[in-house]
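> Requesting a structural model of the entry that follows:
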Amino acid sequence: MNAPSTSPPIPGLAPVPSLSWSIPGLREDPTMCIRCRSAQLLCGKPVCPILLKYRAFERTLPMVDGVELAGSSPPGLFVGRFGYPKVSVGPLLSPEHGSTELLDTPEEWVGRSVSDVIGFRTSLVRGTTRIRVTDAERSVPMLEDLQLLGIAGESVESEATFRRPPRGHLALSDATPPFGPSAPIERVRLDVRRVDPDLDRLSSDTDANARLAVTELYGRGVRVSRIQRAFSVGVLGRRGRRRLVPTRWSITAVDDLLSKRNLERVRELPELSEVLLFRLTALDNRWLIVLLPGAYRYESIEAWYPNTLWNPSPSQLVVMGDHEWHDGRTTYASIGGCYYAARLATSEGLLRLGRQAGVVVLREVHPGEILPLGVWNVREYVRSALRTPPERLSGLPELSERIRGTFAIPLDRWLASSALLHDARTQRRLDEWIDARAG
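Below you'll find the model as predicted:
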């Protein structure tokens, strides 16, 4: 792991719009919010003070009149993590009728604005009921219907009755896409007319463990978001071992599992012999994905510009990253699900290229990222970048110039934060040494 680093005010740093706000009593640690991201409440407050800023969005959310709702589910559902092992589970319902699949399909959101994504998600109302995670294979009210929703192959017409009118509350998370109002659900009718045949078959296979089921679904071309949904609602795995998995955890678990599966194949490929560079700017994030010659290794680094979502400092930047060498890592990455989402995307890129290589993902986050949208944006935008033609560079000096010309943050901050770039600059490969001796 690369330790988080901060800097004093940066001479020459490009000016940014002032989005600062006062958070009384917040500890003077500019890395705290990035390490916490509302999950651990490291500041000691009962709720995240940064996310409180966005309660103003409530007035823009569609409100449900009364306790009845009829419409379509994308299909979508959410499994919470608070109160584990008895968690909040329920469908995501839209008051619109017809095809609403776009509202819960992150793979289709590339190129959309933040406003578009928030608009998709705030139109979804979440019904909630408490279910123990170990009840995935038991006959529990509403759960069988939700599990059928989890393998649906198209939008599902639905009718729901809530115990009280859903509250206008925008649920925000760094891991999962946001959604709108929620309320305890009394009853729901879900008219599932077509299930995804691959999800249906694997959900019926009670001899296949969850790892095998997930990788087989992926190999058949089932979208990662659909696999994550089925994994979360407890319809995959061996009989007696199935569990409900909080959505936040299922997203990272599937990204981790699938990228490890891909990397088993990547490590058998020939080594890349040149430096390739992929660039992308989206959602006020600047991306550079670097492929370095040699054996597989991987690193993901995030630089949070002043006044960005998880870095409220008006003048300091924070850089955090994690890496792994050829054999992978055994500890959880400090930057969370973004690490595994980018690793899945880059492992797919290496397989398409037919080469193993060193991979460095550099992400500079600017103040335009005003809301946490979930790790889907990392996975899908890295995927998108790797589908573009690469720049073929002459070597590390030219790469340094590209980094300098792409990012506002100084080159030396990136180089000081990167274990892989440091290794590439200071270590000579054996074949280079042999060539030099032969010359």
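
> Going along the chain, name the strands of the chain.
Ranges of strands within the chain are 2-6, 68-73, 77-79, 86-93, 125-132, 156-162, 182-191, 275-282, 285-292, 297-304, 318-324, 358-365, 391-393, based on DSSP state E.

> Dump those strands into TSV; add distance to Y340 and mean pLDDT as well.
Placement of C-beta: from N, CA and C, glycine included. Formatted as TSV, those follow (distance: least, Cβ to Cβ, whole Å; pLDDT from 0 to 100):
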stretch	distance to Y340	mean pLDDT
strand 2-6	16	54
strand 68-73	27	92
strand 77-79	18	95
strand 86-93	22	95
strand 125-132	25	94
strand 156-162	29	95
strand 182-191	27	94
strand 275-282	19	96
strand 285-292	15	96
strand 297-304	9	95
strand 318-324	10	93
strand 358-365	12	96
strand 391-393	26	97
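
> Dump those into TSV; add mean neighbour count as well.
Output for the strands of the chain, formatted as TSV (neighbours: other Cβ atoms under 10 Å):
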stretch	mean neighbour count
strand 2-6	16
strand 68-73	19
strand 77-79	25
strand 86-93	24
strand 125-132	21
strand 156-162	20
strand 182-191	17
strand 275-282	18
strand 285-292	22
strand 297-304	26
strand 318-324	24
strand 358-365	25
strand 391-393	14
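
> R229: which of those is closest?
Proximity to R229 (Cβ to Cβ) singles out strand 77-79 among the strands of the chain, at 6.6 Å.

> what packs against that closest one?
Applying 3 or more Cβ pairs under 8 Å, 6 or more residues apart in numbering; DSSP states H and E, one finds that strand 77-79 makes contact with strand 86-93, helix 143-150, helix 224-232, helix 247-266.

> Please name whichever of the ones you listed is nearest to C33.
Across these, C33 has its closest neighbour in helix 247-266 (17.8 Å, Cβ to Cβ).

> which strands and helices sit next to the closest one?
By 3+ Cβ pairs under 8 Å, 6+ apart, helix 247-266 packs against strand 77-79, helix 210-219, helix 224-232, helix 337-353.

> mind running it again at 10 Å?
In terms of contacts (3 or more Cβ pairs under 10 Å, 6 or more residues apart in numbering; DSSP states H and E), helix 247-266 is packed against strand 77-79, helix 210-219, helix 224-232, strand 297-304, helix 337-353, helix 376-386.

> Okay, angle between it and strand 297-304 too, please.
140 degrees (axes from the mean of the first three to the mean of the last three Cα atoms, to 10 degrees).

> what is the rounded mean pLDDT of helix 247-266?
The pLDDT scores in helix 247-266 average 97.

> What of stretch 210-226?
97.

> from the chain's centre, how far out does it sit?
Chain-centre distance of stretch 210-226: 17 Å, with Cα atoms, centre = their mean, to the nearest Å.

> Okay, and the beta partners of the closest residue to G395 other than its chain neighbours?
Closest residue to G395 apart from its sequence neighbours, by Cβ to Cβ, 6 or more residues apart in numbering: V275 at 6.3 Å. Here V275 sits in beta bridges with L393, going by DSSP bridges.

> quick one: V275 and L143, what's the gap?
From V275 over to L143 the distance is 51 Å, taken as Cβ to Cβ, to the nearest Å.

> and what of P390?
Taken as Cβ to Cβ, the span from P390 to L143 is 47 Å.

> Distance to L102 added to the helices and strands packed on strand 77-79, as TSV?
Below are the helices and strands packed on strand 77-79 laid out as TSV (distance: least, Cβ to Cβ, whole Å):
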stretch	distance to L102
strand 86-93	13
helix 143-150	17
helix 224-232	12
helix 247-266	19
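
> so which of those gets nearest V361?
For V361, the closest of the helices and strands packed on strand 77-79 is helix 247-266, at 12.4 Å, according to Cβ to Cβ.

> May I see the buried residues of that closest one?
Neighbour counts using 16 or more other Cβ atoms under 10 Å place 247-263, 266 of helix 247-266 among the buried residues.

> Next, count neighbours for R223.
15 (other Cβ atoms under 10 Å).

> got a list of what it touches?
T105, P106, E107, E108, D196, L217, R229 (Cβ atoms under 10 Å, 6 or more residues apart in numbering).

> What is the most widely separated pair among those residues?
Among the contacts of R223, E108 and L217 lie farthest apart (Cβ to Cβ), at 18.6 Å.

> Compare these two (neighbour count), which wins?
A count of neighbours by other Cβ under 10 Å puts L217 above the other of E108 and L217, at 25 against 15.

> ok, now which ones touch the more buried one?
Contacts of L217 by Cβ under 10 Å, 6+ apart are 196, 198-199, 201-203, 223-224, 226-227, 230-231, 236, 254, 258.

> if we can go back for a sec, if I read this right, the residue nearest to G395 contacts L421, doesn't it?
No - using Cβ atoms under 10 Å, V275 is not in contact with L421, being 11.0 Å away.

> what residues are shared contacts of those two?
Common neighbours of V275 and L421 (criterion: Cβ under 10 Å, 6+ apart): V290, L292, G358, L396, L399.

> before we move on, back to that, may I see the strands of the chain organised as JSON lines, with distance to R404 added?
Shown next, in JSON lines, are the strands of the chain (distance: least, Cβ to Cβ, whole Å):
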{"stretch": "strand 2-6", "distance to R404": "18"}
{"stretch": "strand 68-73", "distance to R404": "48"}
{"stretch": "strand 77-79", "distance to R404": "42"}
{"stretch": "strand 86-93", "distance to R404": "44"}
{"stretch": "strand 125-132", "distance to R404": "45"}
{"stretch": "strand 156-162", "distance to R404": "51"}
{"stretch": "strand 182-191", "distance to R404": "46"}
{"stretch": "strand 275-282", "distance to R404": "13"}
{"stretch": "strand 285-292", "distance to R404": "11"}
{"stretch": "strand 297-304", "distance to R404": "14"}
{"stretch": "strand 318-324", "distance to R404": "15"}
{"stretch": "strand 358-365", "distance to R404": "12"}
{"stretch": "strand 391-393", "distance to R404": "13"}
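
> Show the contacting residues for the residue nearest to G395.
290-293, 357-358, 390-396, 398-399, 402, 424.

> Can you report how many residues neighbour E137?
Counted by other Cβ under 10 Å, the residues lying close to E137 total 17.

> Many thanks, we can stop here.
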